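[1] here is a sequence together with a model predicted from it:
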Amino acid sequence: MPEGKLCNRTPIKTDEQLKLTLGDKGGKQYYEEMNHLDVDSEKLWATIQKTMKSRIKTWLEICAHCGLCAESCFLYQVNGRVPEQVPSYKIQATLGQIVKKKGKVDNEFMQMCMETAWSKCTCCNRCGMYCPHGIDMGIMFSYLRGLLYSQGFVPWELKIGSGMHRVYRAQMDVTTEDWVETCEWMAEETEEEWPGLEIPVDKVDADIMYTCNAREPKHYPEDIAEAAILFHVAGENWTVPSEGWEQTSLSMFAGDWECCKDNVQNVYDAIERLKPKRATGTECGHAHRATVIEGPYWVGREDGQPPVPYVHYVEWLAEALRTGKLKIDPSKRIKEPVTLQDSCNYVRNQGLKDVTREIISYIVEPGYFVEMAPTKEHNYCCGGGGGFNGIGKYREQRNMALRKKMDQILDTGCKLVIAPCHNCWDAIRDLEEEYEIGIRWSFLKPLVIKMLDVPEHLLPKDE
Amino acid sequence: MYDFLTGPMLWVTFLVSFGGLIVRAVMYVRGLSWQLDRVAYRPNMSYGLRGGFRSILAFIIPFKARLWRVRPGFTIIFFAFHIGLLVTPIFLEAHNVMLQDAFGFSLPALPTFVADTLAWICLVGGLFMVLRRIAFPEVRIITTFYDYLLLVITVMPFVTGLIARYEMGDYNFWLMAHIISAEIWLLCLPFTKLSHAILFFMSRMQLGMDYGIKRGGMKGSDMSW
Amino acid sequence: MFKKILLATSGAPSTFGAARVAFDMAKRYGAEVIVFNVMGVPTKAFSQEVNDVRTGEKIEVDDEYRAWVEEELKNTFAKQIESVEFSKMILTTGVPHREILRAARDEDVDLIVMGASSGESSAYRMGYPGSTLQRVAKAARCPVMTVHRETASYWGGFGNIVFATDFSKQADNAFKFALTSAKELDCDLTLLHALDISGKVLDQNSIEDELIATRKRIRDTYVPQMGDFKNFDIEVWEGVPYVEIVKMARERSADLIVMAHHSRELDPEKARLGSTMEQVILRAGCPVVSVSKPDKV
């Protein structure tokens, strides 16, 4: 049987197919069908010939087999340092082999590749920093994921995730109506405490356009309210688009490049329509990576930049604090040992290491901030990146991966972790659930709101 | 035989070897694709170059990149091996005499003691490289026969060279062996993994440009390797 | 005055009291009951896998499971559902307080009825402070009724209402609700202010002066709004607020306590410990309604 009803080489494009795949509890039928999925070797090799150029080809050829990448990989460290977890081995045994065999590989091999690409690598890009040749295995695994996706060998949840993006242009089934409704609702709810607060939808020529993660309207609309409060207090002329409001990209984790491009185009179209001076996203790492860092290239922008300056939320927040748009009441700053999670996607991969620390300098009482070790761009993945958090089949491996971050947090001795990234936040929540080390964790927004020094005219008229 | 090996054969060897390396470098650059690599090389060349050079320097200077700092033992052996490997042939008195004869100029020659030491360091370094491939599981699993072969090819000119230098056995034989093994090594450069002689710089440059343009450089944040 | 009642239930026995009251009210006053259940809190990605709200264990929510839960709930409340004319069931996944608020808004309900848990369940803990009740009571546009103790649910309609005020703006809204209820349901209304002397030792004369002044304040604040409604009493007692409220309710055989909810304090420590409202809910022998917004009064 070349292709199954659920597991096949066709991306999910309709709501019907989406619901059908979702209904398959735990992906049971899906994975069963995967056992019978044929490999289209010709297509595979043709794709590689078209898309694998100097960079990746040379990486595969030039690897000196020195093994220095081993210790750099947190999955190697946390899985008992077994040699099979050496990044070079992982990529050579998968992508390297596919190239050597010119795509003539079988189903079993591809399933092994799937397991490696999605449970033995989170594409954190840390290995690339520790290879003398600068071989970035994280990028190669991302490339491999693209190949696997096009052949249908992708984990169930990510096939759905990519499908969600294709059908809803959001990572969850939140329609434009749902989104606008939720914005209105949150504005209503928050207005009492913050008179004059609005969530303007589709306002043209605003100073800043805000995009977020579909999980927020779906389950945690407080996040939207919090963003609104901060914009409101900072006096920002802001807006959200009714379409193109979602900037995440599970399709990036899935390797569905076509969908990635469409997602980004969707957001850029919103920018085109609303003409803001700049845009910002919510506290999410991969959303920023997909829409701002890699995005311009997917949609073919030659300068590699989004249509307007597009900053990460931490950049906006740091600027607001720096320029005094948001003032912090020093007596309400954090006065307990607190540490900071460096999200791979915008710290290692866009250098925003100092921006987050600048924010910390405003909101934490001096002397209470404890760095993780190692820190900044050398910090480790939270354990849940690259879609790891969402894949049921690899839950065990993911829980194992959390241990590295757990050890790091325990070493700091802090009970509070600031995690300005949805994935990291989830991973740390799961870490606490699984290992119960007694920590609390938070995004930046709620922390900042609690300690705001609100100007008189913005306070509600009290009894 | 000697004349042939140090005459036309040497010319061919250098041409193929260095020419080949240049060809590989050029092919590498031509094979880059801003869209597939997702790095806007041209529009942001200055950021790219800055990132690229930082990237190269961090790894070509011992203990600069964090990688070197967390592996001090390896770093010392690794750099010593490469220094011995590269410095000795270029500044060896014997080679420079030949250079003087052929072209009328020569480079400063190393004192014998220094040259000997460097050659031995290269040998010992090579030996450690072999040993670590056998001893460390994370290296063993990815090591292939090819890796050992390349090490042997690289080290052979030094083995034969030292034997000849210490005038052990038949001098002429070992001299011939030295020249042949050296020419084999040179010819291998463009066609094997030894091409990292030039591709190291290419690859590091590329990654450095990536970080310099897309992954932080343009935000004013340098990757501190 | 109650056309739509949202009964938020986990199906657990601890919520039976709330269900009893909700269905009774619906029957008595011809309202529609919406049985609302949050099956679990999503753990990852697409909310397929959730942590069960009661047990905290992981479940996969699919059509089968959903149907099973619906069946269970229908059986649990079979008799009550039969007794009312209009009812429907809504099942969803998500963070409980958020989903309750969402449903209440979408359905434009006039009252939310909940069984109060202490909110300690780890399934709720998402790093957000405040129990489900606190968060629902704070943000709901309609009044929120809580039925905690079993005894609080045995009643025979509204006859006596105790309205406890702290003179806040929200208390104004709560008063409007209490008054409307009293008028429409033909009840006796007690207006109570508990003078907080907890932890202090004050001079008795000054206490009594305060009592008189407060009584006047109640009269001036609320009586003008009553129109020709005459079945009311004004009481001011000194003590620990929640104790006084519970005692007054007991003494008057109250069927309903109406209070204002206005704690902006979401710090779990501050909001939970000693919050008057929480204590009253835990101890009252009748349903307690919290009102904060003027929408559905």
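    Received it, and whenever you're ready, just let me know what you need. Numbering: from 1, shown residues only, chains lettered A, B, ... in the order given.

[2] residue C:75: how many residues sit nearby?
    The local packing of residue C:75 (other Cβ atoms under 10 Å in any protein chain shown) involves 10 other residues. C-beta: built from backbone N, CA, C; applies to glycine.

[3] which secondary structure elements does the host helix or strand of it contact?
    Residue C:75 is part of helix C:63-76 when elements are defined by DSSP states H and E. If you count contacts as 3 or more Cβ pairs under 8 Å, 6 or more residues apart in numbering or on different chains; DSSP states H and E, helix C:63-76 packs onto strand C:32-38, strand C:86-92.

[4] out of those strands, deepest packed?
    Neighbour counts (mean count of other Cβ atoms under 10 Å in any protein chain shown) averaged over each of those peak at strand C:32-38, with a mean of 24.

[5] that strand pairs with which strands?
    Partners of strand C:32-38 in the sheet, by DSSP bridges, are strand C:4-8 (parallel), strand C:86-92 (parallel).

[6] between the helices and strands packed on helix C:63-76, which gets nearest to residue B:11?
    Proximity to residue B:11 (Cβ to Cβ) singles out strand C:86-92 among the helices and strands packed on helix C:63-76, at 80.6 Å.

[7] and the most centrally placed residue in chain C, how far from residue C:218?
    The centroid of chain C falls nearest to residue C:145 when counting by Cα atoms, centre = their mean (2.4 Å). Going from residue C:145 to residue C:218 by Cβ to Cβ, to the nearest Å gives 24 Å.

[8] before we move on, what about residue B:196?
    As for residue B:196, its distance to residue C:218 is 88 Å (criterion: Cβ to Cβ).

[9] ditto for residue C:97
    33 Å.

[10] quick one: which of those two has more around it?
    Neighbours were counted for residue C:97 and for residue C:218 using other Cβ under 10 Å; residue C:97 has more, 26 against 20.

[11] and the most centrally placed residue in chain A, its phi and psi?
    By Cα atoms, centre = their mean, the mean C-alpha position of chain A lies nearest to residue A:286, the distance being 2.4 Å. Geometry field for residue A:286 lists phi and psi as phi -70, psi -30, criterion degrees, to the nearest 10.

[12] just the pLDDT at it, thanks.
    What the model reports as pLDDT for residue A:286 is 94.

[13] swap in the one 10 residues further on?
    According to the predicted model, the pLDDT of residue A:296 comes to 96.

[14] give me the element the nearest residue to it once chain neighbours are set aside is part of.
    The spatially closest residue to residue A:296, leaving aside those adjacent along the chain, is residue A:304, at 5.0 Å (Cβ to Cβ, 6 or more residues apart in numbering or on different chains). According to DSSP H and E, residue A:304 maps onto no helix or strand at all.

[15] check contacts around the residue in chain A positioned nearest to chain B.
    In chain A, no residue comes nearer to chain B than residue A:351, which is 2.3 Å away by Cβ to the nearest Cβ. Neighbouring residues of residue A:351 by Cβ atoms under 8 Å, 6 or more residues apart in numbering or on different chains: A:377, B:211, B:215-217, B:219-223.

[16] also near chain C: which of these, exactly?
    Among the contacts of residue A:351, no residue is within reach of chain C (Cβ under 8 Å from any Cβ of the partner chain).

[17] most neighbours, which of the residues you listed?
    residue B:211 (32 neighbours).

[18] quick one: that one and chain A, what's the gap?
    From residue B:211 across to chain A, the span is 8 Å (Cβ to the nearest Cβ, to the nearest Å).

[19] from residue C:159, how far off is the residue lying closest to that residue once chain neighbours are set aside?
    Distance criterion Cβ to Cβ, 6+ apart; nearest residue to residue B:211, sequence neighbours excluded, is residue B:223 at 4.4 Å. Distance, residue B:223 to residue C:159, using Cβ to Cβ: 75 Å.

[20] these two touch, right, the residue nearest to residue A:296 and residue B:39?
    Yes: with contact defined as Cβ atoms under 8 Å, residue A:304 counts as touching residue B:39 (7.0 Å).

[21] between those two, which is the more surrounded one?
    The neighbour comparison of residue A:304 against residue B:39 (other Cβ under 10 Å) goes to residue B:39, with 25 against 22.

[22] in what helix or strand does the nearest residue to the more buried one once chain neighbours are set aside lie?
    Closest residue in space to residue B:39, ignoring its immediate chain neighbours: residue B:210 at 4.8 Å, by Cβ to Cβ, 6+ apart. Here residue B:210 sits within helix B:196-213, counting by DSSP H and E.

[23] elements contacting that helix?
    helix A:54-62, helix B:8-30, helix B:45-60.

[24] contacts for it?
    Residues contacting helix B:196-213 (Cβ under 8 Å, 6+ apart): A:55, A:58-59, A:62, A:64, A:128, A:132-136, A:304, A:351, B:21-22, B:24-25, B:28-29, B:32, B:37, B:39-41, B:44, B:47-56, B:59, B:189, B:217-218, B:223.

[25] residues contacting residue 18?
    Defaulting to chain A. For residue A:18, the contacting residues are A:12, A:160, A:163-164, A:167, A:173, by Cβ under 8 Å, 6+ apart.

[26] you looked at the wrong chain, it should be chain C
    Residue C:18 is in contact with C:7-9, C:113-115, C:145-147, C:153, counting by Cβ under 8 Å, 6+ apart.

[27] which one of these sits closest to chain A?
    residue C:8 (16.7 Å).

[28] domains in chain A, by residue range?
    Residue ranges of the domains in chain A are recorded as A:39-154, A:167-311, A:327-450, according to automatic domain parsing.

[29] nearest to residue B:93 among the ones you listed would be which one?
    Nearest to residue B:93, of all these, is domain A:39-154, at 31.3 Å by Cβ to Cβ.

[30] is chain B contacted by the closest one?
    Yes: Domain A:39-154 reaches chain B (Cβ under 8 Å from any Cβ) through A:51, A:53-55, A:57-59, A:61-68, A:70-72, A:76, A:81, A:83-84, A:86, A:88-89, A:92, A:128-136.

[31] pretty sure residue A:410 contacts residue A:435?
    No: taking contacts as Cβ under 8 Å, residue A:410 lies outside contact range of residue A:435: 9.3 Å.

[32] list phi and psi for residue C:61.
    According to degrees, to the nearest 10, residue C:61 has phi -90, psi 110.

[33] wait, it sits on residue C:38?
    No: using Cβ under 8 Å, residue C:61 makes no contact with residue C:38, being 10.8 Å away.

[34] taking chain B, what residue is nearest to chain C?
    Closest contact between chain B and chain C, by Cβ to the nearest Cβ, is at residue B:38 (25.8 Å).

[35] quick revisit: would the residue nearest to the centre of chain C count as being in a helix?
    No: counting by DSSP: H, G, I helix; E, B strand; the rest coil, residue C:145 is not found in a helix; it is strand.
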